[in-house]
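Student: Okay, sequence plus prediction incoming.
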Amino acid sequence: MRFKGSWLILGLMVVPPVMAQSSFQGDWLYQQTCGWKHSADLHLTQQGNEVKGHWGDGTARGHGDSGSLQGTLKGKKLLVGYCNDDPASNDGAICPNFDKDQPDYYVLRGDELDWYQKFGDKHRKYLTLHREIKGKKTPTDDHCPDDDQ
């Protein structure tokens, strides 16, 4: 654009992508390095307010479950229903049927995902998963009060 004999150069402002901070989509990990060596993982895909994926939650001592999940965003919470891959499990619905109660929810905080589980009439924070980012080490939980058990 030219104004009165001088050139006006318009610069382009680089804006970082917002998706990493506002989308539940991706791979999420929790890894405890001591104690029971608890681990959890989520693989989520998101289309608008609908989220689907796979979950796993267990310990190195052989306790754990995995299956599918589906959820809906309500405000800042992702409300989820689960199903379990193991037909012998006593824990929740067996895939492909999902829990209708959606007792758990997740809250996104940048590259951290807080998992809240229902205990009685209330929800409590269960753990924090971290977004898996290629080339970056995923944080681990090194605080284990149950090391002596």
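Tutor: Right, received. Where do you want to start?

Student: Which strands or helices does the strand or helix carrying His54 pack on?
Tutor: His54 is part of strand 50-58 when elements are defined by DSSP states H and E. Contacts defined by 3 or more CB pairs under 8 Å, 6 or more residues apart in numbering; DSSP states H and E place strand 50-58 against strand 39-47, strand 64-74, strand 77-84. Heads up, the C-betas are built off the backbone N, CA and C, glycines and all.

Student: tell me what the next helix or strand after the last one is packed against?
Tutor: Next in sequence after strand 77-84, counting helices and strands by DSSP H and E, comes strand 104-109. If contacts are counted by 3+ CB pairs under 8 Å, 6+ apart, strand 104-109 sits against strand 77-84, strand 112-119, strand 122-131.

Student: Find the nearest non-adjacent residue to Cys34, please.
Tutor: With CB to CB, 6 or more residues apart in numbering as the criterion, Cys34 has its nearest non-adjacent residue at 3.8 Å, and that residue is Cys144.

Student: pretty sure that neighbour belongs to a helix, no?
Tutor: No - under DSSP: H, G, I helix; E, B strand; the rest coil, Cys144 sits outside any helix and is assigned coil.

Student: isn't it right next to Thr59, touching?
Tutor: No - with contact defined as CB atoms under 8 Å, Cys144 does not count as touching Thr59 (11.5 Å).

Student: quick one: the strand holding His54 to chain centroid distance?
Tutor: Its chain's C-alpha centre and that of strand 50-58 lie 8 Å apart, by CA atoms, centre = their mean, to the nearest Å.

Student: go on, stretch 121-132?
Tutor: 9 Å.

Student: Could you list the low-pLDDT ranges of this protein?
Tutor: Within the chain, the stretches with pLDDT under 70 are 1-21, 146-149.
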